[in-house]
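K.L.:
Okay, predicted coordinates and the sequence, questions at the end:
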Amino acid sequence: MTHAEFVAACRAGSLTPQIDPAAAARYLNARLLLPLVRLPVLGIGVALALIGWYLSGLAVIAVGSLLPRLVARSAPQILLDEALAHEARFHEFVASGLLRVD
């Protein structure tokens, strides 16, 4: 299936692409370098809490803890949007097994 056929079928609703949510979350985690972003954010939150800015520190810690979960939850939709927008990404996702088109 070509990218143009994929886009047309998805927009028409005649095709439901299969995206593995766990694999999509791992892919986005690696691509966005979330572990490298998460640790400094958590450190800043702890530092804010230690210097007396408790509410600000807890808010930053909450953001650092919830961000990977939010990305993991929306990963299949993010990959589908990316596959619809870019032909190279579509072929990459199909070749790697992230996206199955039946």
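P.N.:
Sure, I can see it.

K.L.:
Could I get the contacting residues of Val71?
P.N.:
25, 28-29, 32, 34, 78 (Cβ atoms under 8 Å, 6 or more residues apart in numbering). C-beta: built from backbone N, CA, C; applies to glycine.

K.L.:
For burial, what's the neighbour tally of the closest residue to Leu50 other than its chain neighbours?
P.N.:
Closest residue to Leu50 apart from its sequence neighbours, by Cβ to Cβ, 6 or more residues apart in numbering: Gly57 at 7.5 Å. For Gly57, the count of nearby residues is 18 (other Cβ atoms under 10 Å).

K.L.:
how close does Gly57 get to Ile51?
P.N.:
Distance of Gly57 to Ile51, given as Cβ to Cβ, to the nearest Å: 8 Å.

K.L.:
Quick check: buried residues in the longest helix anywhere in the chain?
P.N.:
Looking across the chain with DSSP state H, the single longest helix is helix 54-85. Buried positions in helix 54-85, judged by neighbour count with 16 or more other Cβ atoms under 10 Å: 57, 60-61, 64, 68, 71-72, 75-76, 78-80, 82-84.

K.L.:
Among those residues, which one sits closest to Ala4?
P.N.:
Leu84 (10.9 Å; Cβ to Cβ).

K.L.:
which one is the closest one nearest to, not counting chain neighbours?
P.N.:
In space, Leu84 is closest to Val7, 5.6 Å off (Cβ to Cβ, 6+ apart).

K.L.:
Now that neighbour: which helix or strand?
P.N.:
helix 3-12 (DSSP states H and E).

K.L.:
Give me the contact list for the helix or strand just after that helix.
P.N.:
Proceeding N to C from helix 3-12, the next assigned helix or strand is strand 18-19, under DSSP H and E. The contact list for strand 18-19 (Cβ under 8 Å, 6+ apart) reads 76, 79-80, 98-102.

K.L.:
pLDDT and distance to Leu42 added to the residues you listed, as JSON lines?
P.N.:
Below are these laid out as JSON lines (pLDDT from 0 to 100; distance: Cβ to Cβ, whole Å):
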{"residue": "Pro76", "pLDDT": "95", "distance to Leu42": "26"}
{"residue": "Leu79", "pLDDT": "95", "distance to Leu42": "26"}
{"residue": "Leu80", "pLDDT": "94", "distance to Leu42": "30"}
{"residue": "Leu98", "pLDDT": "92", "distance to Leu42": "28"}
{"residue": "Leu99", "pLDDT": "92", "distance to Leu42": "32"}
{"residue": "Arg100", "pLDDT": "91", "distance to Leu42": "36"}
{"residue": "Val101", "pLDDT": "86", "distance to Leu42": "39"}
{"residue": "Asp102", "pLDDT": "77", "distance to Leu42": "41"}
